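A.B. asks: Quick one: sequence and predicted model below, then my questions.
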Amino acid sequence: MALKSLVLVTLLVAAAAIAVPMAQAQLGGLLGPLLGLLRIQGVLYCTPNGNIGVSGTSTPVFPNALVQLQCGGNVVSTTTTNLSGTFSILLDPISFVTSTLVSGCKLVVNTPLASCNASLPSIGGLESTLQQVGSSLLGLLNVANLIPTGFLFNAKLN
Ligand SMILES: *[C@@H]1O[C@H](CO)[C@@H](O)[C@H](O)[C@H]1NC(C)=O
Ligand SMILES: *[C@@H]1O[C@H](CO)[C@@H](O)[C@H](O)[C@H]1NC(C)=O
């Protein structure tokens, strides 16, 4: 009996691992994917205010920027924007709650804007709070999606 349930759990974990290999790799834990995920995703632009306006497509993106998720002043996760300026952070819902992410956490970009446009400041960085924009299904998982409310330049970041 005990062996049967162990086999079942093993199969479930294996199925989850196949369904979301990327999430699996980032989580480090096996239980998270069985319950769901929190995903923070956005595009970083090479401007002092994240508002790209109606002609947003002509605003250059900010590639290779270090994006930190900070909660209560602590760095809890780090990622880098890709060549399209896109970043994505996956979080385990056992350790993180959407309401806490919205009320107590922010995204901080420590890479100075000068690294994507030499005319922009070489000190400080961009930061943004978070908002939830619904949820979606990824395989069997319920994924709560969060996005930045809008990046703004803060000269005092370092
Ligand atoms: C950056 O990541 C996004 C989201 O995963 C993807 O759609 C886009 O193609 C990627 N860009 C590059 C240049 O890899
Ligand atoms: C770089 O920043 C300057 C100052 O904000 C701006 O006028 C210029 O258009 C930017 N260059 C690019 C390629 O976006």
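C.D. replies: The structure has been received and is ready for your questions. Ligands and ions are numbered 1, 2, ... in the order given.
A.B. asks: do you know how far the residue nearest the centre of the chain is from ligand 1?
C.D. replies: The residue lying closest to the centre of the chain (C-alpha atoms, centre = their mean) is residue 89, at 2.6 Å. Going from residue 89 to ligand 1 by C-beta to the nearest ligand atom, to the nearest Å gives 12 Å. C-beta coordinates here come from the backbone N, C-alpha and C atoms, glycine included.
A.B. asks: Report the distance from the longest strand along the chain to the chain centre.
C.D. replies: If you go by DSSP state E, the chain has its longest strand at strand 125-138. Mean-position distance between strand 125-138 and its chain equals 7 Å (C-alpha atoms, centre = their mean, to the nearest Å).
A.B. asks: buried set for it?
C.D. replies: 125, 126, 127, 128, 129, 130, 135, 138 (16 or more other C-beta atoms under 10 Å).
A.B. asks: all strands in the chain, in order from the N-terminus.
C.D. replies: Along the chain, counting by DSSP E, strands occupy 37-43, 66-71, 74-80, 86-91, 105-109, 125-138, 141-148, 152-154.
A.B. asks: any chance of those in TSV, plus mean pLDDT?
C.D. replies: Converted to TSV, the strands of the chain look like this (pLDDT from 0 to 100):
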stretch	mean pLDDT
strand 37-43	94
strand 66-71	97
strand 74-80	96
strand 86-91	96
strand 105-109	97
strand 125-138	92
strand 141-148	92
strand 152-154	94
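A.B. asks: Now do the contacts for the closest residue to the residue nearest to the centre of the chain other than its chain neighbours.
C.D. replies: Residue nearest to residue 89 in three dimensions, not counting chain neighbours: residue 40, with 4.3 Å by C-beta to C-beta, 6 or more residues apart in numbering. Contact analysis of residue 40 by C-beta atoms under 8 Å, 6 or more residues apart in numbering lists 69, 88, 89, 91, 101, 107, 130, 146, 147, 148.
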